[in-house]
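In: Have a look; sequence and predicted model below, questions after that.
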Amino acid sequence: MSVLLLGLSHKTAPIEVRERLAFPEGSGGELAGELAQRQGISEAMVLSTCNRVEFLVRGDSGYDPGEEVNSFLAETPRVEIAEASPFLYRYTDQDAIRHLFRVASSLDSMVVGEPQILGQVKEAYAAAKAFGAVRGRLDLIVNNAFRVARRVRNETGIAHLAVSISYVAVELARKIFGDLKGLSILLIGAGEMSELAATHLQNGGASQIQVTNRTHQRAVDLAQRFNGTAIPFDRLLEVLTQVDIVISSTGAPNFILNKKTAQGVIAARKNKPIFFVDIAVPRDIDPEVNSIDNMFVYDIDDLSQVADANLRQRQKEADRAEHIIEEEVGKMVHRLKTHEVAPTIVSLQSGLDDLRRAEIARFRSKLGDLDPQQEKALEALTRSIVNKIAHSPITEMKKLASDPDGLHFVEFVKRAFNLKK
Amino acid sequence: MDESSVFWLRVTLLLYSLGLWHSLVTVIRRRQRMFKLALGSISVGAVLHLVSIVDQAMAMGRLPVVTLHQLASLVGFLITCTFLLAYWRYKHESLAVFVFPIVFLLTLVASLGTPVEAWGGQTLSKWWLSIHVLLILLGFAALFLTFVAGVMYIIQEKELKSKRPRAFYYRLPPLGALDDMAYRTLAVGFVLFTLGLIAGSFWAFVQWGANWIVDPTIALAFLTWAIYLALVFSRLAIGWRGRKAAYFSIIGFCCAAMTWIVNSGVHSFTLR
């Protein structure tokens, strides 16, 4: 198989080194193309992001692709390989596949679970493919990495848990209402974070936005930006009976909604749930309102508390993801091996049979006339010798197909019997 | 029982059944349907109901409250009148969902106080039993889902109110989805349970005659039904939802489960 992954990342190298090794955007495909041209390397892919630079190559049988990559890097003028080499990690075969899977699944990222990395790997793959640098086994491996990344995303919560305050608000709204579609939002006051949360909610499907502010003109301006409606501040209570999500961030020194008023609001709503996101400091909504049925109040500290919990949960989900990766690496390796073992068995058998026929043809004239029975016996004799010779390497190869080191043996058989591919 | 009285009572029952139909459709669709038709039918039914009671009273020479069936008839009639009066005065349509099924069931009980010759066949009886068992089982299955949704709702709501998400927060569905599921299953379960109860009443009546009503397990079954009726009513008319409705449905299911346990072995009185 001889797959090699060589690279450095935020985990091994400081930014000064990473930025020196990083390749200009868009040059990865060309580099991969050049790499794949070199002797001993049949396929290559180059991944270069701000947090990592990695070379994934597959060597021809009998070559150590590592040497080639090293000399390739040494020849690249702007890279001081001597300086970078202490930070380089180097994975082969199974470990290389595992690393690729982990990177694509965002388990190796600075913020575990961040979604960009998969797109970056996909870009690197497309670029390498465009330069014809990925066409065989590597294609299979990288495509599997995409599939594994999707599986990790779908089967674990690693990518879904919000860790920023504004996203936590959206996640909570989903937990309360289910679908965000058709929900209406009320913005009280303005502020960067509340606008961010409103944008996220709007992207999630909450369509109607109403804005109110003590200074009405500000409400009008903000409403325009969100394509919503401005409401006079004195109509606040009336609007509260209709909207589903309230994001509040006024500079008011006291609560603008106390428990008693809130009880009236929920009665007027016929107990329809309402979610208050209180970003203001000092707070706008009396925290006691949270104790009323169907009313949920989260202040800024509550939101960051949920964000912390999500971060811990992400770690747990990452552990589950590692199990998935392990399982998939095993499957991948097995698949690659059977890919290699089966043709070797076939070519071993046909090679030996060719040998047998050639030798019979050479000696047949010396044997003189043979009756049909003797002809048959000669066939059977030679065939049986060849089969006996091939028997034990074939059984060994089949057996070792599931063993990590099995491929060395396959390689050995290929060489011992002088089989080409 | 006086024959013409029984006749009028059965016509009344037929008219009241439109009211029941209205309630069931409303519960399923969550919006009042065919209310005017049901109201008209109930009004006419009430007049005939009165005729039936007066008939019976004249035949007996006193107020007909001797048997449980007669009492049911009278109570049913009074509830209908009260409802009609209240409606005429306050126009509260939502009460109908609650009242119509009760009136229907009471009148059903009343009309099943006199043997009907034609119903005595064994095959017919078997049919009633099969339908009864099937409907009740399906009803229980649906109500069990209501119960499960209720439990999940309470746990998820605790998580959200506590603001300290733990494992359940991540694993359980959103509150909105749970509440919706609770209502849907409750509505379907209630309809099936009601029809199952009617089929069961018929079967018991065919099998055991007028005496069927005094069995304690029957009373418990009616009690369970009443609890679920209250559940439906609390959601539709009072507008309970979320935590209160969830707790209520859990209690309701426990009562239903009790009926189930007591009634296992298909009713004690089959063994009599």
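Out: Structure's in. What do you need?
In: residues contacting the residue of chain A found nearest chain B?
Out: Nearest residue of chain A to chain B (Cβ to the nearest Cβ) works out as residue A:178 at 3.5 Å. Glycine gets a C-beta too; all of them are placed from N, C-alpha and C. When contacts are counted by Cβ atoms under 8 Å, 6 or more residues apart in numbering or on different chains, residue A:178 is found next to B:173-177, B:180.
In: Can you tell me how far it is from residue B:28?
Out: Separation of residue A:178 from residue B:28 (Cβ to Cβ, to the nearest Å): 21 Å.
In: What about residue A:182, how many residues nearby?
Out: 11 (other Cβ atoms under 10 Å in any protein chain shown).
In: Oh, that last question was meant for residue A:136, not what I typed.
Out: Residues lying near residue A:136 (other Cβ under 10 Å) number 11.
In: Pairing partners for the residue nearest to it when sequence neighbours are not counted in the sheet, please.
Out: Closest residue to residue A:136 apart from its sequence neighbours, by Cβ to Cβ, 6 or more residues apart in numbering or on different chains: residue A:43 at 5.9 Å. Note on residue A:43: beta-bridge partners by DSSP bridges are residue A:58.
In: do the same with the one 4 residues further on
Out: In this entry, residue A:47 is beta-bridged to residue A:54, by DSSP bridges.
In: ok, back up a step: got the phi and psi for the residue of chain A closest to chain B?
Out: phi 90, psi -100 (degrees, to the nearest 10).
In: What count of nearby residues applies to the nearest residue to it once chain neighbours are set aside?
Out: Computed as Cβ to Cβ, 6+ apart, the closest residue to residue A:178 that is not its neighbour in sequence is residue B:176, at 3.5 Å. Applying other Cβ under 10 Å, we find 21 other residues in the vicinity of residue B:176.
In: Residue B:35 now?
Out: 15.
In: ok, it touching residue B:22?
Out: Yes: contact criterion Cβ atoms under 8 Å: residue B:35 and residue B:22 qualify, at 6.4 Å.
In: Low-confidence ranges, chain B, go.
Out: Applying pLDDT under 70 to chain B flags residues B:1-2, B:114-124, B:209-214, B:259-260, B:263-272.
In: quick one: which helix or strand includes residue B:251?
Out: helix B:243-263 (DSSP states H and E).
In: quick one: the helices in the stretch 1-150 of chain A?
Out: Counting by DSSP state H, counting those that start in this stretch, the stretch 1-150 of chain A has helices at residues A:15-21, A:28-37, A:65-75, A:81-84, A:93-104, A:116-130, A:137-155.
In: Most tightly packed of these?
Out: With neighbours taken as mean count of other Cβ atoms under 10 Å in any protein chain shown, these reach their highest mean count in helix A:93-104, at a mean of 22.
In: tell me the contacts of residue 145?
Out: With no chain named, the answer covers chain A. Contacts for residue A:145 (Cβ under 8 Å, 6+ apart) come out as A:100-101, A:103-105, A:121.
In: wrong one, chain B
Out: Residue B:145 makes contacts with B:181, B:185, B:189, as judged by Cβ under 8 Å, 6+ apart.
In: any shared contact partners between residue B:35 and residue B:22?
Out: Counting by Cβ under 8 Å, 6+ apart, the common neighbours of residue B:35 and residue B:22 are residue B:96.
In: from the stretch 51-200 of chain B, which residue is nearest to chain A?
Out: For the stretch 51-200 of chain B, Cβ to the nearest Cβ, closest residue to chain A: residue B:176, 3.5 Å.
In: For that residue, which three-state class applies?
Out: Of the three states, residue B:176 takes helix under DSSP: H, G, I helix; E, B strand; the rest coil.
In: Please give me every residue in contact with it.
Out: A:176-179, A:273.
In: ditto for residue A:179
Out: Neighbours of residue A:179 in contact, by Cβ under 8 Å, 6+ apart: A:205, B:176.
In: and it, helix, strand or coil?
Out: Classification of residue A:179 by three-state DSSP places it in coil.
In: Around chain B, which positions in the stretch 101-250 of chain A sit nearby?
Out: A:157, A:161, A:172, A:174-179 (Cβ under 8 Å from any Cβ of the partner chain).
In: Now which of those residues would you call buried?
Out: The neighbour-count test (16 or more other Cβ atoms under 10 Å in any protein chain shown) marks A:157, A:161, A:172, A:174-178 as buried among those.
In: Among these, which lie within strands?
Out: Residues of those located in strands (DSSP state E): none.
In: Say whether chain A is contacted by the helix or strand encompassing residue B:101.
Out: Per DSSP H and E: residue B:101 is located in helix B:94-111. No: Helix B:94-111 lies out of reach of chain A by Cβ under 8 Å from any Cβ, never closer than 11.6 Å.
In: List the buried residues in that helix.
Out: B:95-111.
In: most remote residue from chain B's center?
Out: residue B:164 (41.3 Å; Cα atoms, centre = their mean).
In: returning to what we had before: need the contact partners of the helix holding residue B:251.
Out: With Cβ under 8 Å, 6+ apart, helix B:243-263 has contacts from A:293-294, B:140, B:143-144, B:146-147, B:149-151, B:153-154, B:157, B:179, B:182-183, B:186, B:217, B:220-221, B:223-224, B:227-228, B:230-231, B:234-235, B:240.
In: By mean pLDDT, point me to the weakest helix or strand of chain A.
Out: One helix or strand of chain A scores below all others by mean pLDDT, DSSP states H and E: helix A:81-84, with a mean of 68.
In: Same question for stretch B:174-193: list its buried residues.
Out: So, applying 16+ other Cβ under 10 Å, buried residues of stretch B:174-193: B:174-179, B:181-193.
In: Please save the CA atoms from that stretch in PDB.
Out: Provided in PDB are the C-alpha atoms of stretch B:174-193 (Å, rounded to 0.1, in the frame of the first residue of the first chain):
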ATOM      1  CA  PRO B 174     -37.300  19.600  21.700                       C
ATOM      2  CA  LEU B 175     -40.200  20.600  24.000                       C
ATOM      3  CA  GLY B 176     -42.300  21.800  21.100                       C
ATOM      4  CA  ALA B 177     -42.100  18.400  19.400                       C
ATOM      5  CA  LEU B 178     -42.800  16.600  22.600                       C
ATOM      6  CA  ASP B 179     -45.900  18.600  23.400                       C
ATOM      7  CA  ASP B 180     -47.200  18.200  19.900                       C
ATOM      8  CA  MET B 181     -46.700  14.400  20.100                       C
ATOM      9  CA  ALA B 182     -48.400  14.300  23.500                       C
ATOM     10  CA  TYR B 183     -51.400  16.100  22.100                       C
ATOM     11  CA  ARG B 184     -51.700  14.100  18.900                       C
ATOM     12  CA  THR B 185     -51.400  10.700  20.700                       C
ATOM     13  CA  LEU B 186     -53.900  11.900  23.300                       C
ATOM     14  CA  ALA B 187     -56.400  12.900  20.700                       C
ATOM     15  CA  VAL B 188     -56.100   9.600  18.800                       C
ATOM     16  CA  GLY B 189     -56.100   7.600  22.000                       C
ATOM     17  CA  PHE B 190     -59.100   9.400  23.400                       C
ATOM     18  CA  VAL B 191     -61.200   8.700  20.200                       C
ATOM     19  CA  LEU B 192     -60.200   5.100  20.200                       C
ATOM     20  CA  PHE B 193     -60.900   4.700  23.900                       C
END
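In: next one: it to chain centre, how far?
Out: Chain-centre distance of stretch B:174-193: 17 Å, with Cα atoms, centre = their mean, to the nearest Å.
In: rewinding a little: helix/strand/coil for the residue farthest from the centre of chain B?
Out: Classification of residue B:164 by three-state DSSP places it in coil.
In: Since that was my last question, I'll sign off now.
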